[in-house]
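K.L.:
Give me the fold of what follows.
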Amino acid sequence: MNESIEIFDGPPSFSDLVDRVMTKYGCRVDEISLRGRFDCGKARAHYVLMKLASNANWKHYKDVVHEANVACLEVIVEIVRMPGPNVVMREEVTVVNHNGTQESEMLHHVLGETERDFDLAIANDDFPNNIFERDETNIDVDNVSMGSEDCELEEDGVVGEEDISMVHKAICESSMVNAEGTSIGESPVIKKGMKFNSLEELKFFLTDYAVRLHRPFSVVHSDKNLRYNVMCKQGCHWRVWSRLISSTGQWRISNVVQPHTCRSSQPKREHVQCTAKYLGRRILGIIRKDSETSVPSLVESIFIFSGYRVKYSKAWRAKQHAVALLWGDWKESYGMVPRVLSAITYYNPGVKWWIDSCGMMLPDNGVLKHILQRVFWCFPQCSEAFQHCRPVILVDGTFLTGKYKGTLMMAVAVDPEQQIVPLAFALFESENNESWSWFMKLVRVHVLGPSRIVCMISDRHHGLLNCAKDHIDGFPPLVHRWCMRHFAANMSRRQKSNRVIGKLKLLCKVHTEREFREKLEDLVKDLNDDAKEWLKAFDEAGCGGVYDHELLEITHGVFKGIRSRPVAGIMNTHSKNATLLVNRWGKAREMLDQGYRIGQVADNYLSEAELRSVHHLAEPYGPERMVYSIRSYGTTNIGGESHGGRHYRVDLHEVSCTCNVPQLLHLPCSHFITACKARGLNFESPMYMSPLYSREHTIKIWESSFQPYLDPSQWPAYEGVGYVPNPSLMRNKVGRRQKKRFTGEMDVMAAPGYPLLEAAYDLHHRAHHLADMNENLTPLRARVHSPLRWDERYAQYLQRAGFLDIAVQVVGGLPPMDGPLLTAMVDRWRPETHTFHMPFGEMTITMQDAAMILGLPLHGQPVTGIIQNENWRDMVEMHIGIRPPEPEGGDSSKKTSGVSSAWLREHFEPWHRDDALPTFYHVWKHVRPVRGNPDRRYRAYTNEFDVLTQHQVEWKPYDRQQLSDIVFSPTCYRDRELWRCTTPMILYYVVEFHMPHRVMRQFGRMQPCPPLELSTSQQLHSIDRRKRYKENNWRVKHDRYIHLWQNKEGCDPEGGPYWRPNNEYIRWYCTSTRTKVKPSWTNVPIEDAPSDDDADIADAYDTVTRHGTQPERAPLHDYMRVRKSCRRMAQRMNCMTSSDAHDGGNVQGTSSGSRRTALVTTPRAATPSTAAGPSKRSRGKEPASPQESEDSEGEQSEDDDPTYGEELEISHDAPPVTQTQGESSQ
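P.N.:
The predicted structure is shown next:
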């Protein structure tokens, strides 16, 4: 049985109640029966049910409740469904109210009386408190609870808090399960006979019950060896008796009086049982998942599951309590480290760990203990996985953010999919020569092994450079290489140029010495004198295509949160690795089952190399020798001389090429692929490609498994020495500890990485050049075609195809194109997601927009097929019926490839259609773009998008109240069931995905987080007629996408109605994409650009204006809103010209400085200071004339219209200001 609270706008009738039930539960009227419950008891609660089948029953029920002890309407809905013969499904739903504020509001609407007349009666007001003093042995514990024999409703769920119980199940981690199998999470309702393993479990259960129902209690008796009794703090008859079972040591609820009949405590915004200790147990799941969760976010989470907004200090104490419950106290956790590692080793044989105290000891409580200075641990699963990875490791350290200082060191490898593979971990006091030498020695011996030479990439710390030189008997030397990003960061200190840094990164990635020297000479030309002292770098060891520490930075993200834990919690990398292995193995297994033999990264590289090999020419040298000369693609002039093409030597026997790619990456290059094709060999053979790139090796990397090490009660006994932290590492500084490292040169010069953005798209995107490269681009020019012309003979064909409504757009003409505005939108369009990336989320053009604006049908067959290259005159004659004339006298100079506009005007006359129903195109087509300097407007538009908030967006423009009286074309709503379908859209060779699941708020629904990933293939974006001119049958080419289109009806994404800001989605979105295109433009004023247009905006647009401190100089979007509103106002008043508008300058008593500007079509007349009407924001304006008042009498004032007032809102955050200079006083 479920319970929910329903609020009505006014006193509901019986039909309103039935309609609400049918809508809420999706049932028919013959499937439901209604009963009303009320309390008619005196000394105790006694509930009676009354059948509700008519208006008379409903009225009588309300009258009875009016006189009852508790004036609250509780309706029981019984649903009986008959899906088939002999099958009956019953569901009872109680509509009950336990919230005092909502209860008072509902009573006021339902009963139509004031709140004081319907105060909730406190039942059993005279209940004797000395009942607890009676000997509990006299209480018949086998009888039912007091009052429960009269209670008609008993359930196993949380009363009145359906959504909060779901939150409780999601984040409460009490781990308290009774020996009898009764779990606290499973039985949130108090029942007689419930057992608990300890008194603490019983107390937490009662506290959780009281907080979730907003009913505090008082402890009457508390004896840890006998009993624990509580009663309602607000005076109602709710009581609970519990006793200790001496034979088992458990606690049992012996008796209970329920339910509560008192008022909810939630309106008081505090609860005596909502303590930091209780909240700490409730947020265990949040802290276990991310121990670096901020305190303000915990405050919000606590408010969601409890309904109480606690103070910052209480939330902070709750977090500390949760940390202590999970991983122990900060000091005690150092002593738990060997015990945790011993438990992991016990359940996972082969784990190796060492603790080094450096010979230091410290007395603790009279006992001499070792100081835990360093600890190292690695897992055998990771050591085995490295044998199937490339011989490259990345090493780095990150500082701890807990109460004690320290450094967490990690060594990782890279799998064939460019994913990190954790190898070893260590905790040190700091990064120094000794600590790095100790760590790398253990890594080389117990992880890397003696079988092969390994290349180490690091940030070139002195300790790492020294340990690379250390010799270990029986082990090969360790080769060290720089991290490319750190190398470029050192360069950026002397050379502040992104272009030079980009050339340096390309220089680090070359594979041949000749190419290295060429790029080096080109780079030196751009260097200044201070930057020419850097050291040359050349890769001879073969770092396997791994050039920087970016993958290791990803490792820090995978193990996010462990830095702020006590050291015993940092050992939890075991569970992180286990989760990583399971997820990666599943993905690799899935790819192998789909037929992929090599990794996705290697497959993409080979695909690109194979495409380049098409333009290469192979020339063999000797019939038996497997040596080829490969000439790359170049150009040839008229004289036969070739330019641009280079020659490469490929030896198939030695698997080498002069480009050095096969030798360094162990993958065939495009030249090697050309030679293999000429020889008839398979270039994907293991002879020519390293088996480390195969999918089988990827599975071997992740196929190992971990065993859980259970809870501390099941760990083996530890009899080793005790450890304590180094007191010199304790942070004594008062205040919040540092969690983020300081920004350095590497952060400044490196472009931010965003998971949603793909490098192949982003490197050439305008937003990358604007935001990351700090370039100032100019707006694009809109390419507008000539307007279409109409002929009445088209009508029958368009009507037959269902496209007759397109005639309305053809006759109306093309809308005006605003080049700067379109450019600002292009800057935010992302081909990866087919959406506009705004600061607050994604938006896009949907099928709903196409249907509502253009009136085009959506349902139908895909428009594709065979494109035949026929004579264009034959095609015109076939489709139109008239053949264009041939050139006179065979004059080839007048040869054309299409019909001329003069020929069309000669044979076809324009056709006008006046009886067509309008679409939203008619509503918006009168909006004209802002005129003025394009560069300045482009900056203004970019600024507006960068500071735009979700509250300034009209998410559902088609539901506007002002448009309710307009009758739109039926085609606008005909295919509305397809508006939210995720499906490809096809037009011959063009395939674009429609992704409404990423913009669910545009449909008034909650946005799932993260949205479903759907790849927009680069191969689809690169298809056009120029590159695929030989393709004819696109139906066969795009058969896969045609099948998806034909099954589009089942693609409607799920999501509930939008009801609150989705903070989880906003946090994910802001870290996944670029939210600001040009941040530097929002920090400096935009200077006026010269303009010859008198209608241009003359006021300077700056940061002060944007933040609303100058209402007279509103931002551009406010200006556009006011202008459109004034246009609509003028149309309603039939003001077609400036002479039709009222000029208030000659009105007697009006100051010349406050003359009202006429409502004409010039932008100057639409500034906020000249808006018509007696608005509360207009200061220094004359009142409307009596004539105006008479004309407007009987019409609703647009200032009183809430929708219109919201649209005219200007400078929302503007503080109250006094009269500004230039305005006149009244």
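K.L.:
what's the following helix or strand after the longest helix along the chain?
P.N.:
If you go by DSSP state H, the chain has its longest helix at helix 573-593. Using DSSP states H and E, the next helix or strand after helix 573-593 towards the C-terminus is helix 600-613.
K.L.:
pretty sure residue 357 is touching residue 372, no?
P.N.:
Yes: applying C-beta atoms under 8 Å, one finds residue 357 in contact with residue 372, separated by 6.5 Å. For glycine as for every other residue, the C-beta is placed from the backbone atoms N, C-alpha and C.
K.L.:
of these two, who's got more company?
P.N.:
Neighbours of residue 357 and residue 372, each counted by other C-beta atoms under 10 Å, are more numerous for residue 372; the result is 26 against 18.
K.L.:
what separates that one from residue 362, distance-wise?
P.N.:
Distance, residue 372 to residue 362, by C-beta to C-beta, to the nearest Å: 10 Å.
K.L.:
Neighbours of residue 842, how many?
P.N.:
Neighbour tally, residue 842, other C-beta under 10 Å: 24.
K.L.:
just checking, it is part of a helix?
P.N.:
No: counting by DSSP: H, G, I helix; E, B strand; the rest coil, residue 842 is not part of a helix but strand.
K.L.:
Residue 29 versus that one, what's the distance?
P.N.:
Where residue 29 is concerned, residue 842 sits at a distance of 42 Å (C-beta to C-beta).
K.L.:
so residue 263, which of the three states?
P.N.:
Under three-state DSSP, residue 263 comes out as coil.
K.L.:
rewinding a little: find the residues that touch each one of residue 357 and residue 372.
P.N.:
residue 723 (C-beta atoms under 8 Å, 6 or more residues apart in numbering).
K.L.:
what about the residue nearest to residue 669 when sequence neighbours are not counted, how many neighbours?
P.N.:
Excluding the flanking residues, the one nearest residue 669 by C-beta to C-beta, 6 or more residues apart in numbering is residue 661, at 3.9 Å. Neighbour count for residue 661, taken as other C-beta under 10 Å: 22.
K.L.:
next one: residue 478
P.N.:
Residue 478: 21 neighbours (other C-beta under 10 Å).
K.L.:
residue contacts, it?
P.N.:
440, 444, 454, 456, 467, 468, 470.
K.L.:
and with 7 Å instead?
P.N.:
For residue 478, the contact set (C-beta atoms under 7 Å, 6 or more residues apart in numbering) comprises 444, 454, 456, 468.
K.L.:
Do I have it right that the first one meets residue 476?
P.N.:
No: under the contact definition of C-beta atoms under 7 Å, residue 444 does not touch residue 476, with a separation of 9.1 Å.
K.L.:
what about the two, which has more around it?
P.N.:
residue 444 (22 against 15).
K.L.:
On the pLDDT front, check that one for me.
P.N.:
Residue 444 is assigned 93 on the pLDDT scale.
K.L.:
And it, its phi and psi?
P.N.:
In terms of degrees, to the nearest 10, the main-chain angles of residue 444 are phi -60, psi -40.
K.L.:
Would you mind measuring from it to residue 932?
P.N.:
67 Å.
K.L.:
Next, count neighbours for residue 946.
P.N.:
Quick note: residue 946 (other C-beta under 10 Å) scores 20 neighbours.
K.L.:
how about the strands in the stretch 401-550 of the chain?
P.N.:
Counting by DSSP state E, counting those that start in this stretch, the segments of the stretch 401-550 of the chain that form strands are 407-414, 420-428, 454-458, 478-482.
K.L.:
In JSON lines, list those strands along with mean pLDDT and distance to residue 834.
P.N.:
Below are these laid out as JSON lines (pLDDT from 0 to 100; distance: least, C-beta to C-beta, whole Å):
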{"stretch": "strand 407-414", "mean pLDDT": "90", "distance to residue 834": "31"}
{"stretch": "strand 420-428", "mean pLDDT": "90", "distance to residue 834": "30"}
{"stretch": "strand 454-458", "mean pLDDT": "88", "distance to residue 834": "37"}
{"stretch": "strand 478-482", "mean pLDDT": "83", "distance to residue 834": "39"}
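K.L.:
of these, which approaches residue 856 most closely?
P.N.:
Nearest of the strands of the stretch 401-550 of the chain to residue 856, taken as C-beta to C-beta: strand 420-428 at 48.1 Å.
K.L.:
what comes into contact with that closest one?
P.N.:
By C-beta under 7 Å, 6+ apart, strand 420-428 touches 374-378, 382, 385-386, 389, 393, 406-415, 435, 439, 443, 447, 551, 554-555, 558, 567, 570, 573, 577, 701.
K.L.:
Could you report the neighbour count for the closest residue to residue 301 other than its chain neighbours?
P.N.:
Once flanking residues are discounted, residue 301 sits nearest to residue 286: 6.2 Å by C-beta to C-beta, 6+ apart. When neighbours are defined as other C-beta under 10 Å, residue 286 has 19 of them.
K.L.:
Equivalent analysis for the one 3 residues further on, please.
P.N.:
Residue 289 has 12 neighbours, counted by other C-beta under 10 Å.
K.L.:
on that earlier part again, name the helices or strands packed onto the host helix or strand of the residue nearest to residue 301?
P.N.:
Assessed by DSSP H and E, residue 286 sits inside helix 284-289. Where contact means 3 or more C-beta pairs under 7 Å, 6 or more residues apart in numbering; DSSP states H and E, helix 284-289 is packed against helix 312-327.
K.L.:
Give the rounded mean pLDDT of stretch 200-219.
P.N.:
Regarding stretch 200-219, the rounded mean pLDDT is 92.
K.L.:
Run through who's touching stretch 1067-1082.
P.N.:
754-757, 767, 770-771, 774, 827-828, 837, 839, 841, 939, 942-943, 945-947, 1009-1010, 1103.
K.L.:
change it to 8 Å
P.N.:
752, 754-757, 767, 770-771, 774, 824, 827-828, 830, 837-839, 841-842, 939, 942-943, 945-947, 1009-1010, 1103, 1106.
K.L.:
thinking again about what came up before, residues contacting the residue nearest to residue 301?
P.N.:
Contact analysis of residue 286 by C-beta under 8 Å, 6+ apart lists 171, 293, 298, 301, 322.
K.L.:
Same question for residue 666.
P.N.:
Contacts for residue 666 (C-beta under 8 Å, 6+ apart) come out as 544, 689, 690, 692, 693.
K.L.:
can you pull the pLDDT of it?
P.N.:
88.
K.L.:
gap between residue 722 and residue 363?
P.N.:
For residue 722, the distance to residue 363 - C-beta to C-beta - is 11 Å.
K.L.:
any residues in contact with both of the two?
P.N.:
Listed contacts common to residue 722 and residue 363 are residue 369; contacts here mean C-beta under 8 Å, 6+ apart.
K.L.:
out of the two, which sits in the more crowded spot?
P.N.:
residue 722 (15 against 9).
K.L.:
Does the closest residue to that one other than its chain neighbours fall in a helix, a strand, or a coil region?
P.N.:
The spatially closest residue to residue 722, leaving aside those adjacent along the chain, is residue 369, at 4.3 Å (C-beta to C-beta, 6+ apart). Recorded secondary structure, residue 369: strand (three-state DSSP).
K.L.:
tell me the contacts of residue 369?
P.N.:
Residue 369 neighbours (C-beta under 8 Å, 6+ apart): 335, 361, 362, 363, 721, 722, 723, 724.
K.L.:
quick check, nearest of those residues to residue 667?
P.N.:
residue 723 (48.3 Å).
K.L.:
my read: the closest one touches residue 333, true?
P.N.:
No: Residue 723 is beyond contact range of residue 333, at 9.9 Å (criterion: C-beta under 8 Å).
K.L.:
Can you get me a residue count around residue 220?
P.N.:
That count, for residue 220 with other C-beta under 10 Å as the rule, works out to 17.
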